[in-house]
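**Q** Below are the sequence and a predicted model; questions follow.
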Amino acid sequence: MPELPEVEVVRAGLAPAVTGALVIGVTVLDERALTRHAGGGADFESRLTGRVVSAAARRGKFLWLPLRSETDGAPSDEAVIGHLGMSGQMLLRAPGAASERHERVRIDLAHPAHGELSVVFADQRTFGSLAIDDLIATPDAAPGGYGWDEASVPAQVAHIARDPLDPAFSDAGFRRALARKDSAIKRVLLDQTVVSGVGNIYADESLWAARIHPETSARALPTRAVNRLLGEVRHVLEKALAEGGTSFDAQYVNVNGQAGYFAHSLNAYGRTGEPCPRCGRPIVRVSFTNRSSHFCAHCQRVPRPAVDGPGTAHV
DNA sequence: GGAATAACCTGGATGC
DNA sequence: TGCATCCAGGTTATTC
């Protein structure tokens, strides 16, 4: 389940290998990997071949490789965007390497320093996708994402909020967004237009660390609790990033096919029935909007229902 | 307009 | 052993 740390590990692995490389060939093996691309496989192949990759960038869970032409040196106005979905992988392989299981797209590159190599997009569940998209200006004039200094972002990524590790992320804007949301805090954490990069695993871990019940109303959270939560989100993401991300099986790996080990550091997610590391009571799992929430019912108390009536304070 | 829900998809785990 | 069913979850279109 690639979330921000897993995607950042992939981006960091791709960057030195692809920056400055010329695309010398593209093979689309499964067009389901191009659900975000306006044209078909042939269009994807022809538009990408002959371009030069300027960088490897990321915002939240979206990756993109800005493209420029081989000769004119003009600024990048398009990019290959990629989302790993549930099970997507970006693998670096030697030229002519055997096909990967669930391989969907292969991009062959010639790098001026490293020679030829291939970027293989493999995806078991086909929720991930690639596309070529226009770069548009960021409304705040800040760099579009991590690994990209230009104030531009792919059009399909423009609606995605900045992630909490982005220097241009606005804490005040996050607090204002929560104050407007009449939804459970966990649902808001998973809303990529409010804060990006957080998925089910890190939402559960951050809420556990901040001692906030996942069904607490976002707008009912006091400012102090919001600040505590934001701090824990950042702490959890940074720690997971330092440990190479979370891998439960072979579905999340870095560009070399290696797993991360943050799964050993999880306190709540996937630990149903195990003792809470804080109080020793069992972690519980409940269904939550088509997925699961894991939390400690003792440390993360159920929010008291709002009561309308005389004497009730409203904010 | 905001919030909630369903659908997309594959393979491993589980039950019979 | 083989088959059917359930489950995992990020994004987005649809519905309320």
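**A** Now that the structure is in, tell me what you want to look at. Numbers count the residues shown, from 1 in each chain, chains lettered A, B, ... in the order given.
**Q** So what does A:Gly145 have for phi and psi?
**A** For A:Gly145, the backbone dihedrals (degrees, to the nearest 10) come out as phi -180, psi -180.
**Q** correction: A:Glu205
**A** phi -70, psi -40.
**Q** Specify the local secondary structure of the residue of the stretch 1-150 of chain A found nearest DNA strand B.
**A** Going by C-beta to the nearest atom of the strand, DNA strand B is nearest to A:Arg125 of the stretch 1-150 of chain A, at 3.8 Å. In this view, the C-beta of every residue, glycine as well, is placed from N, C-alpha and C. Look at A:Arg125: counting by DSSP: H, G, I helix; E, B strand; the rest coil, its state is coil.
**Q** May I have the residues that are in contact with it?
**A** Listed by C-beta atoms under 8 Å, 6 or more residues apart in numbering, the contact set of A:Arg125 reads A:85-87.
**Q** Do you know the pLDDT at it?
**A** Per-residue confidence at A:Arg125 stands at 85 (pLDDT).
**Q** related to what we said a few turns ago, now, which of the contacts of A:Arg125 sits nearest DNA strand C?
**A** The closest of these to DNA strand C turns out to be A:Met86 (C-beta to the nearest atom of the strand; 4.1 Å).
**Q** and the gap between A:Val105 and DNA strand C?
**A** For A:Val105, the distance to DNA strand C (C-beta to the nearest atom of the strand, to the nearest Å) stands at 18 Å.
**Q** Which residues does the nearest residue to A:Glu215 once chain neighbours are set aside form beta bridges with?
**A** If the residues on either side of it in the chain are set aside, A:Glu215 comes closest to A:Ala184, at 4.6 Å by C-beta to C-beta, 6 or more residues apart in numbering. Counting by DSSP bridges, A:Ala184 is bridged to A:Ser217.
**Q** one step back: okay, the contacts of A:Arg125 in a markdown table with neighbour count next?
**A** Output for these, formatted as a markdown table (neighbours: other C-beta atoms under 10 Å):
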| residue | neighbour count |
| --- | --- |
| A:Gly85 | 18 |
| A:Met86 | 15 |
| A:Ser87 | 19 |
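**Q** So which bits of stretch A:44-58 are buried?
**A** A:44-45, A:47-48, A:51-58 (16 or more other C-beta atoms under 10 Å).
**Q** any chance you could read off phi and psi for A:Val157?
**A** Torsion angles, degrees, to the nearest 10, at A:Val157: phi -110, psi -10.
**Q** Next, count neighbours for the nearest residue to it once chain neighbours are set aside.
**A** Take A:Val157 and drop its neighbours on the chain: the residue closest to it by C-beta to C-beta, 6+ apart is A:Phe62, 4.7 Å away. Using other C-beta atoms under 10 Å, the number of residues around A:Phe62 comes to 22.
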